[in-house]
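Q: next one to model:
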Amino acid sequence: MVQEALLTVPEVADRLRTTRETVRRWLRQGRLQGIRLGGTRLGYRIPAGEVERLLEAPSREGSVAREDVMARAAAFMQVTARDVAANGTAAGILLGVCRAMAHVLQADCVFVAFLQGDLLSPAPVCYCQPPHRCLPAGRPTLTLGAFPCLREALEQRRPVFVGERPEDPEREAILLAQFPFRPRVTLAVPLMAGDEVLAVLLCAWKEPLEEVQKKAAGGPVGRSPPR
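A: So this is what the prediction gives:
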């Protein structure tokens, strides 16, 4: 019986063309399965089959879940653009938009970051389920140049998944730190008024999308529809 090869974190990072810190984060999140030999001193060992699994095309189940979320987010953008153009961007309106987006996408947290030139400034508007204190003091302004995924979402005016390309892990950590928990999935959705891009809605999930959809299909998931 041939034993499957075990790879180190640097070896996996080289094969996946990403950073070592990204590999370690995927291990902590469960996206990659690994074992520790002799505790923390020797670090992780990852079966070669795990790397091959990530290199293969996404599972049909995960792919369908992503396509469904993208389609619902794109449809929501059109409805919201009309509402915001008619009613403005008062805090109550934006909170309603965040709450509706969380319900439509079954997201755990949604907040608004306004577009100001090449900067995104988080607004004091956030909706989380269950409730969190999700706007800590001192939340930094985000520079679009540091986050190609956000620039892509705003320039192309379409939803874009965040954190799925080999970016600087420190910059990615800044973005993910905006949430009151560590997201498993993050989606950037442009907030528009008519044809004008005003801001971005950042949506986060605690679990993989396929798991969220399974729970939703099986019954209530603890979210109330917007009033």
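
Q: can you pull out the strands in this protein?
A: For the chain, the strands defined by DSSP state E cover 6-7, 35-36, 44-47, 109-116, 119-128, 142-143, 160-162, 185-193, 196-205.

Q: point out the other helices and strands that the first one packs with.
A: What it means is strand 6-7. Contacts defined by 3 or more C-beta pairs under 8 Å, 6 or more residues apart in numbering; DSSP states H and E place strand 6-7 against strand 44-47, helix 48-55. All C-beta atoms are positioned from the backbone trio N, CA, C, and that covers glycine.

Q: of all the ones you listed, which lies closest to Leu144?
A: Leu144 lies closest to helix 48-55 among the helices and strands packed on strand 6-7, at 28.4 Å (C-beta to C-beta).

Q: what residues does that closest one touch?
A: Contacting residues not belonging to helix 48-55 are listed as Glu4, Ala5, Leu6, Leu7, Val12, Arg15, Leu16, Arg31, Leu32, Gln33, Gly34 [C-beta atoms under 8 Å, 6 or more residues apart in numbering].

Q: one step back: in CSV: the helices and strands packed on strand 6-7, plus mean pLDDT, distance to Glu21 and mean neighbour count.
A: Listed next are those as CSV, based on pLDDT from 0 to 100; distance: least, C-beta to C-beta, whole Å; neighbours: other C-beta atoms under 10 Å:
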stretch, mean pLDDT, distance to Glu21, mean neighbour count
strand 44-47, 88, 12, 19
helix 48-55, 81, 16, 14
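
Q: tell me which of these sits nearest to Arg184.
A: Using C-beta to C-beta as the measure, helix 48-55 is the one of the helices and strands packed on strand 6-7 that comes nearest Arg184, at 15.1 Å.

Q: okay, that closest one in PDB with CA atoms only?
A: Output in PDB follows, covering the C-alpha atoms of helix 48-55 (Å, rounded to 0.1, in the frame of the first residue of the first chain):
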ATOM      1  CA  ALA A  48      -0.800  15.800  -1.400                       C
ATOM      2  CA  GLY A  49      -4.400  14.900  -2.300                       C
ATOM      3  CA  GLU A  50      -5.600  18.000  -0.500                       C
ATOM      4  CA  VAL A  51      -3.600  20.100  -2.900                       C
ATOM      5  CA  GLU A  52      -4.900  18.200  -5.900                       C
ATOM      6  CA  ARG A  53      -8.500  18.800  -4.600                       C
ATOM      7  CA  LEU A  54      -8.000  22.500  -4.500                       C
ATOM      8  CA  LEU A  55      -6.400  22.600  -8.000                       C
END
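
Q: distance from it to the middle of the chain?
A: In terms of C-alpha atoms, centre = their mean, to the nearest Å, the centre of helix 48-55 is found 22 Å from the chain centre.

Q: show the model's pLDDT score for the residue lying closest to Val110 once chain neighbours are set aside.
A: Distances taken as C-beta to C-beta, 6 or more residues apart in numbering place Cys98 nearest to Val110, at 4.3 Å, with adjacent residues excluded. We have a pLDDT of 91 for Cys98.

Q: again with Glu167
A: Looking at Glu167, its pLDDT is 51.

Q: repeat for Asp118
A: pLDDT recorded at Asp118 is 84.

Q: using CSV, lay out the contacts of helix 48-55 together with neighbour count and pLDDT.
A: Converted to CSV, the contacts of helix 48-55 look like this (neighbours: other C-beta atoms under 10 Å; pLDDT from 0 to 100):
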residue, neighbour count, pLDDT
Glu4, 9, 74
Ala5, 12, 84
Leu6, 15, 88
Leu7, 20, 90
Val12, 26, 89
Arg15, 16, 83
Leu16, 16, 78
Arg31, 14, 77
Leu32, 22, 83
Gln33, 13, 86
Gly34, 21, 87
